[in-house]
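# sequence and predicted structure are below.
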Amino acid sequence: MPASAGMFILMQTDSRPVTSNQTGPHPHLAEMVARHAQHPFRKPLSPFGEQPFDHAINAWRSHGGSLIIDAGCGVGLSTRRLAQQFTDAFIIGIDQSANRLQRHTRWEGAEPSNYITVRAELVDFWQRMALARIRPSRHYLLYPNPWPKKAQLQRRWHGHSIFPTILRLGGHLECRSNWKIYIDEMASALTQLTGLDVPAEAWHVDPAAALTPFEQKYAASGHSLWRCAIELPSSD
Ligand SMILES: C[S@@+](CC[C@H](N)C(=O)[O-])C[C@H]1O[C@@H](n2cnc3c(N)ncnc32)[C@H](O)[C@@H]1O
């Protein structure tokens, strides 16, 4: 019997909750977010980023429809599921791990034609999107690496200097995590830069209905899950 995505994931039900030397949102978060918003992101583009970017964007343009980004898509199961959910859109799943992207061969059912996964570095991909003025209709940051040590704030997406660029892309931006502090910080940073009220919400999900392998693993392990989402104002 072929292994299904559900079988593949449900084996993992003993994942440990995030531990951190932070007990609440980082005390320097607002200062860091403000500093990044004042200074345009200037890192040079990587020559390795051009081919995967062009490949993914050309695939979207050939297909047509609105664009959905699945940032840090891991094995790409969420990208595939988003493609099944948003049939009028084209989904690009991006991950830097070739190992994870290559594991997506065992899924059952008809393969949707409206998605692609691509190996690329997100900061470079987001920069290229901003330069090309490509605007996603929806943008998912699903269970990003939490970087839970206090000294790692700048590695969390809301503490990273690319954060204002992500916001300028616009669209429905949604982040989910099993670390409440990550979502509290993300919601606070979104509110700080947009002036909009962004609640951090408990996210109750049946493991069988989870969107991603990490979501399924955490839900099956009994973790509390958290989410925040915003409709970003257009920057043009
Ligand atoms: C915790 S996993 C979550 C994967 C998936 N979203 C899920 O929920 O199952 C985080 C993923 O983000 C990817 N990632 C982290 N930083 C990245 C970066 N700078 N560029 C591209 N991918 C990145 C990792 O390779 C990893 O697959």
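Sure, I can see it.
# for the spatially closest residue to Gly76 that is not a sequence neighbour, name its beta-bridge partners.
Closest residue in space to Gly76, ignoring its immediate chain neighbours: Thr117 at 4.0 Å, by CB to CB, 6 or more residues apart in numbering. For glycine as for every other residue, the C-beta is placed from the backbone atoms N, C-alpha and C. Applying DSSP bridges to Thr117 gives these bridge partners: Gly93.
# change the start of the numbering to 744 and stick with it
Done: numbering now begins at 744, and the last item shifts to Thr860.
# isn't Thr860 up against Ala841?
No - between Thr860 and Ala841 there is no contact under CB atoms under 8 Å: 10.6 Å.
# of those two, which one has the most company?
It is Thr860, of Thr860 and Ala841, that has more neighbours when counted by other CB atoms under 10 Å, with 23 against 9.
# quick check: the gap between the more buried one and Ala826.
Distance of Thr860 to Ala826, computed by CB to CB, to the nearest Å: 10 Å.
# what's the answer for Pro976, then?
With CB to CB as the criterion, Pro976 and Ala826 are 27 Å apart.
# out of those two, which sits in the busier spot?
Using other CB under 10 Å, the more surrounded residue of Pro976 and Ala826 is Ala826, with 22 against 11.
# now do the SS call for that one.
helix (DSSP: H, G, I helix; E, B strand; the rest coil).
# tell me the secondary structure at the residue nearest the centre of the chain.
Nearest to the geometric centre of the chain sits Leu884, at 1.7 Å (CA atoms, centre = their mean). State at Leu884, reduced to three classes by three-state DSSP: strand.
# the residue nearest to it when sequence neighbours are not counted is in what secondary structure piece?
Nearest residue to Leu884, sequence neighbours excluded (CB to CB, 6+ apart): Cys918, at 4.2 Å. Here Cys918 is covered by strand 914-920, with elements defined by DSSP states H and E.
# can you name the residues in contact with that strand?
878-887, 889, 900, 909-910, 925-926, 929, 933, 946, 958, 968-975 (CB atoms under 8 Å, 6 or more residues apart in numbering).
# so for it, mean pLDDT?
Averaged over strand 914-920, pLDDT sits at 98.
# list the buried residues for it?
Buried positions in strand 914-920, judged by neighbour count with 16 or more other CB atoms under 10 Å: 914, 916, 918-920.
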